[in-house]
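Novice: the following block contains a protein sequence and its predicted model.
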Amino acid sequence: MIVLYAILIWAAGWWLNVKLANGPQSENPIVKVLIPAIFGITVVTVWELLVRGFDVNPVILPAPSSIGARLMVEGPRLWADFQQTIIKGAMTGYIFGGLAAFGVAILADRSDFLTRGILPVGGFMAALPIVGTAPIFVKWLGSDWESKAAVVAVMVFFPILVNTVAGLKDTSAMQRDLMRTYGAGYWPTLFKLRLPAAMPFIFNGLKIATTLALIGAIVAEFFGSPTVGMGFRISTSFGQLALDMVWAEIVIAALAGSAFYGAMTLIEKRVTFWHPSQR
């Protein structure tokens, strides 16, 4: 009976989503939000039903209600972990890594020698495994959030750099010749033509880097951290078999990552409203 109930709930959610997606109001903003919301509620409901019905051991897979209860009870501790990992580690590293990548991209744009030299080095840096770089930065900078920010900065540097360099080269020769006929030098051409044209590429790199920043900050905490932080909490809670706490941290990380990516997408739509991809 449990499996039958789960199948019926899944089928009902599927039918409702298909009806909304193919209906006349499918382009309505409310419907666009409602479709993924229904899907999420369906998955959580089926998960809860199967875990409770089959009496699954919480050590293997806790029920969503247990995870929700842990989120409510451990609110202050989870907020402290969020501040340590996301705000201090991930966001600081993201900002510094993005600024460094943007500055290097401008330098590389002015010199073919730098372009040919920096991009291979950037590719090498992007290929470095985080399990190898994180302990090194912890040794250099200590176990607090500064070492996590350094790991994040290294991880986000390459995708932002490559996309910015590619975007700066996206203007046509005719556009650049037109700017020269107006007597515009390098910097006016950069700010009035090339940077606006490069924005879709730049935001593509920034969006890729949002997920890398969160992953880097959390994983780096496994190699040294004060007694606070999402990575530290996941590691210690797993050792204590408190899987509901592990899942609570995962939920917060997923929500933070989705919000970060969504915010970047909204900014992109405002900045690149003229681009065909936003129409």
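Specialist: All right, it came through fine.
Novice: got a list of what Ala213 touches?
Specialist: By C-beta atoms under 8 Å, 6 or more residues apart in numbering, the contact list for Ala213 reads Ala90, Met91, Gly93, Tyr94, Gly97, Val152, Met155, Val156, Phe260. (C-beta placed from N, C-alpha, C; glycine too.)
Novice: please identify which of the residues you listed is nearest to Pro24.
Specialist: The shortest gap between Pro24 and any of those belongs to Phe260, at 33.5 Å (C-beta to C-beta).
Novice: OK, contacts around that closest one?
Specialist: Counting by C-beta under 8 Å, 6+ apart, Phe260 has contacts Thr210, Ala213, Leu214.
Novice: kindly recompute the last result at 10 Å.
Specialist: Ile86, Ala90, Met91, Tyr94, Lys207, Ala209, Thr210, Thr211, Ala213, Leu214 (C-beta atoms under 10 Å, 6 or more residues apart in numbering).
Novice: also Arg77?
Specialist: With C-beta under 10 Å, 6+ apart, Arg77 has these contacts: Val228, Arg233, Met245, Ala248, Glu249.
Novice: can you name the two of these that sit furthest apart?
Specialist: Spanning the widest gap among the contacts of Arg77 are Val228 and Ala248, at 14.9 Å by C-beta to C-beta.
Novice: more crowded one of these two?
Specialist: A direct count of neighbours by other C-beta atoms under 10 Å for Val228 and Ala248 places Ala248 higher, at 29 against 17.
Novice: is it true that Leu61 touches Arg52?
Specialist: No: at 11.1 Å, Leu61 and Arg52 do not qualify as touching, with contact defined as C-beta atoms under 10 Å.
Novice: hang on, the earlier thing: from the contacts of Ala213, which land in strands?
Specialist: Under the assignment DSSP state E, the contacts of Ala213 contribute nothing to strands.
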